[in-house]
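J.: structure, please.
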Amino acid sequence: MTEFFEDIKEKAKAKKVLLDKKSAHISYLRLATFISGVILIYQGMTKGKDIFTVIGIALIVAFIILIRFHGLIEVKVKSLDKEIECADRYIARINGGWRDFSDDGSEFISKEDTLSHDIDLLGKGSMYQMISVAHTQFGRKKLAETLCLKNVNIDESKERYEAVKELAEDKEFLVEFEAVSSRIYDKKDDEEEQKKYDYHPMKFPLWMGLIMVIVPIINITAIILTITGQIKATWIIVTFLLGIVAVFAPQRKIESFIMPVYLYGLSSRDFYDLLEMIQKKDFKSEKLKELKKKVVSGRGMLKAVKSLGAIGQAFNVEYNAIVHMLLAGFFGYDLYIALAAVNWNNKYGDSFSECFTILGSMEEYLSLSVLSVIRDVTPFEMLEEGDNRIILSDVIHPMIDSDKVIANTVTLDNSVTVITGSNMSGKTTFLRTVAINLVMGYIGAGVTAKTFKAPKMKIFTSMRVMDDVTNGISTFYAEILRIKEMSQYIKQMGNVPALCLIDEIFKGTNSADRIYGAKEAIKNLSGGNAMVIVSTHDFELCDLKKKNGYDVSNYHFEEHYEDNELKFDYKIKEGRCTTRNAKALLSMAGLLDLDNLDKN
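T.: Numbering: from 1, shown residues only. This next block holds a predicted model:
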């Protein structure tokens, strides 16, 4: 798989070399054109050679055109740089280097969202960090909400999977789209600045309209009269300076019109490119067709973004002080930009946000498709209501490196399952494997398993339970509160069953309280519409009876020894565990001498 992305990198680098050469040639030509234009204008004005003045002005116009052309090349070069970066990130995902990615979605973690914390949906070392190709704030937030099962219709998992799988099969589109959206991310500071401005209907003042008309008229008149010999060339300088004063005097007012639109315009070219990519794509899945339809019929969305980009590009001339001054003094340039911004704002300002929603949804689908690119993924199969089983075949944890992960096959069909096993044998990883694959199946990303069947369930977890010193809550009581939440949901007897995954139940208290509390909690949870899977070191829980008097199911993980070394196969097996490894682990850490212990 890495070969494909390495090939993308090499092609992008080859294109970049050619564009860099072209860019250098245009830079030299642009400099020569500008210097020649200035010299000819000066010669024409000082020596009365009007033809020199005309040619000089023509060269300055050519200089402006070259600036524009050079800017387009720079955009292409930047896009190629981004393609190379995107390809590198895919290679890092395949090779396990994704844990160094800077964006891990930590900002979207809420204290109440225990599921995301327990199974690493968000934050350092999370699913978000591994798969996110979202660079716009809209896409990043959308992906985070989806991973946390917020605003997701689980019943649409099949349709969503079809969209995700279609995108995963078009890797070039994945890279190209991300390369453009990452350019928007580079402008994040400017987008933050934009929040200082509110969109509201604007009215362009009549007096500014008059100045906008008068300034170019008097300058064009002066140039024509100079060429025809009716006035001296110095009058061109006079009218030019008058134009400068007329345009720059109300600059604060002009910027009040331009800046709200301009700050969107900074990314408008990127927005347009992304929307155009969606428009041109011949999608097959219904979800992607829906997105494309919104672009095509979205109240002139592409036209709005394109015209916004034109305003942004036009205003960028301000960063070239000499060109800006010439255009402002001769033509009243800033006033025309202000009028265009006012017209755009009044026509599109209240409906422009729809394009953000579309791009955010596309980045969400693209991110979910990453899992299919870097792992072997199959579609999740939803069981019918009332069929409370979890059927797993060769299921693996999607975030464990492919060369290290171990697959498991098991069918969990009892309302309560107790999993025992020694330390480090794989109990916790198994619980997280079930939970995270279920989440990815529900949201349409697919599952890392040969088969994964389950009904629609409300997922509850109690894994990384922490105390809360500020509120006086111990780890033991914090776990009680989590199990209470599970119990309250189950007592509601809703159609959607609960899946309760509890790791090392009540590990935060003494053994007597732990065993008693665990028995009571499990009995309580077994009395309703739920599947409860508990991992524990306490073998006493293996003989537990459910509330209805039936036995719980028992599974275990175990270890073995090879050449006096502790080994794990990380395979789930039926029945209860019969081995312990605390002494061996203490010995491995140098805290216990087994040889002397045996002698004693």
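
J.: now do the strands in the stretch 301-450 of the chain.
T.: 381-382, 390-395, 408-412, 416-421 (DSSP state E, counting those that start in this stretch).

J.: okay, now the closest residue to L326 other than its chain neighbours: neighbour count?
T.: Leaving out its chain neighbours, the residue that sits closest to L326 by CB to CB, 6 or more residues apart in numbering is I60, at 6.7 Å. Where C-beta positions appear, they are placed from N, C-alpha and C, glycine not excepted. By other CB atoms under 10 Å, 22 other residues sit near I60.

J.: go on, C86?
T.: 25.

J.: now swap in S36 and tell me
T.: Residues lying near S36 (other CB under 10 Å) number 16.

J.: returning to that earlier point: I'd like the strands of the stretch 301-450 of the chain as JSON lines, with mean pLDDT, distance to F539 and mean neighbour count appended.
T.: Conversion of the strands of the stretch 301-450 of the chain to JSON lines gives the following (pLDDT from 0 to 100; distance: least, CB to CB, whole Å; neighbours: other CB atoms under 10 Å):
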{"stretch": "strand 381-382", "mean pLDDT": "96", "distance to F539": "34", "mean neighbour count": "16"}
{"stretch": "strand 390-395", "mean pLDDT": "97", "distance to F539": "24", "mean neighbour count": "20"}
{"stretch": "strand 408-412", "mean pLDDT": "96", "distance to F539": "20", "mean neighbour count": "18"}
{"stretch": "strand 416-421", "mean pLDDT": "93", "distance to F539": "6", "mean neighbour count": "24"}
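
J.: how about the residue nearest the centre of the chain, what does it touch?
T.: The centre of the chain sits closest to A134, judged by CA atoms, centre = their mean, with a distance of 2.2 Å. Neighbour list for A134: R140, K142, L143, S181, G360, E363, E364, L366, S367 [criterion: CB atoms under 8 Å, 6 or more residues apart in numbering].

J.: and which of these is nearest to S157?
T.: E364 (14.0 Å; CB to CB).

J.: I'd like the distance between the closest one and S285.
T.: Separation of E364 from S285 (CB to CB, to the nearest Å) stands at 14 Å.

J.: give me the more crowded residue out of these two.
T.: Comparing E364 with S285 by other CB under 10 Å, the one with more neighbours is E364, at 29 against 18.

J.: okay, the more buried one: pLDDT?
T.: According to the prediction, E364 has pLDDT 97.

J.: same question, N343
T.: pLDDT for N343: 84.

J.: list the contacts for the residue nearest to it when sequence neighbours are not counted?
T.: Spatial nearest neighbour of N343, chain neighbours left out: F204 (7.9 Å); criterion: CB to CB, 6+ apart. Going by CB under 8 Å, 6+ apart, F204 touches F257, A338, L339, V342, N343.

J.: next, format the residues you listed as TSV and append distance to W98.
T.: Formatted as TSV, the contacts of F204 follow (distance: CB to CB, whole Å):
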residue	distance to W98
F257	45
A338	46
L339	48
V342	46
N343	46
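
J.: quickly find the element holding H560.
T.: According to DSSP states H and E, H560 maps onto strand 559-562.

J.: then N554?
T.: Assessed by DSSP H and E, N554 sits inside strand 553-557.

J.: angle of that strand against strand 416-421?
T.: On the basis of axes from the mean of the first three to the mean of the last three CA atoms, to 10 degrees, strand 553-557 is oriented at 20 degrees to strand 416-421.

J.: need the pLDDT of the residue nearest to N343.
T.: For F204, pLDDT reads 85.

J.: tell me if I am right that it is in a strand.
T.: No: the assignment for F204 is coil, going by DSSP: H, G, I helix; E, B strand; the rest coil, so no strand is present there.

J.: how much space between it and F257?
T.: Going from F204 to F257 by CB to CB gives 7 Å.

J.: now for the two: what residues contact both?
T.: Common contacts of F204 and F257, defined by CB under 8 Å, 6+ apart, comprise A338, L339, V342.

J.: relative to N524, which of the residues you listed is nearest.
T.: Out of those, the member with the shortest distance to N524 (by CB to CB) is V342, at 65.4 Å.

J.: does the closest one touch F257 like I think?
T.: Yes: using CB atoms under 8 Å, V342 makes contact with F257 at a distance of 5.2 Å.

J.: joint contacts of these two?
T.: Common neighbours of V342 and F257 (CB under 8 Å, 6+ apart) are M202, F204.

J.: compare those two (neighbour count), which wins?
T.: Of the pair V342 and F257, F257 is the one with more neighbours under other CB under 10 Å, namely 24 against 21.

J.: that one should be in a helix, yeah?
T.: Yes: with three-state DSSP as the criterion, F257 is part of a helix.

J.: what about the nearest residue to K456 once chain neighbours are set aside, distance to K16?
T.: Leaving aside its sequence neighbours, K456 sits nearest to I154 (CB to CB, 6+ apart; 5.3 Å). Per CB to CB, I154 is found 44 Å from K16.

J.: ok, now G332?
T.: For G332, the distance to K16 equals 40 Å [CB to CB].

J.: which of the two has more residues huddled nearby?
T.: Taking neighbours as other CB under 10 Å, G332 and K16 compare with G332 leading, 24 against 19.

J.: need the contact list for V434.
T.: The neighbourhood of V434, defined by CB under 8 Å, 6+ apart, consists of I390, L392, V395, L501, I533.

J.: quick one on the thing from earlier: need the strands of the stretch 301-450 of the chain in CSV (columns: distance to N437).
T.: Below are the strands of the stretch 301-450 of the chain laid out as CSV (distance: least, CB to CB, whole Å):
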stretch, distance to N437
strand 381-382, 12
strand 390-395, 6
strand 408-412, 11
strand 416-421, 16
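
J.: so which of those gets nearest T2?
T.: When these are compared by CB to CB, strand 390-395 sits nearest T2, at 23.4 Å.

J.: from the contact counts, what lies against the closest one?
T.: On a contact count with 3 or more CB pairs under 8 Å, 6 or more residues apart in numbering; DSSP states H and E, strand 390-395 meets strand 408-412, helix 427-442, strand 451-454.

J.: what pLDDT, on average, does the longest one get?
T.: Read it as helix 427-442. Here helix 427-442 scores 97 as its mean pLDDT.

J.: what sits closest to G528 if chain neighbours are left out?
T.: Closest to G528 by CB to CB, 6+ apart is I490, at 3.7 Å.

J.: count the residues that sit near that neighbour.
T.: Residues near I490, counting by other CB under 10 Å, number 22.

J.: what separation do you get for the closest residue in space to F352 that isn't next to it in sequence and S256?
T.: Excluding the flanking residues, the one nearest F352 by CB to CB, 6+ apart is A304, at 6.2 Å. Using CB to CB, A304 is found at 21 Å from S256.

J.: just to revisit the earlier point, check the shared contacts of F204 and F257 against L115 and report the nearest one.
T.: V342 (48.0 Å).

J.: give the contact list for the closest one.
T.: Contact analysis of V342 by CB under 8 Å, 6+ apart lists M202, K203, F204, F257.

J.: gap between it and M301?
T.: Distance, V342 to M301, using CB to CB: 20 Å.

J.: please apply the same query to S256.
T.: The spacing between S256 and M301, counted by CB to CB, is 26 Å.

J.: quick one, which of these two is more surrounded?
T.: In this view S256 and M301 are compared by other CB under 10 Å, and M301 has more residues nearby, 22 against 14.

J.: ok, and the closest non-adjacent residue to the more buried one?
T.: Closest residue to M301 apart from its sequence neighbours, by CB to CB, 6+ apart: C355 at 5.5 Å.
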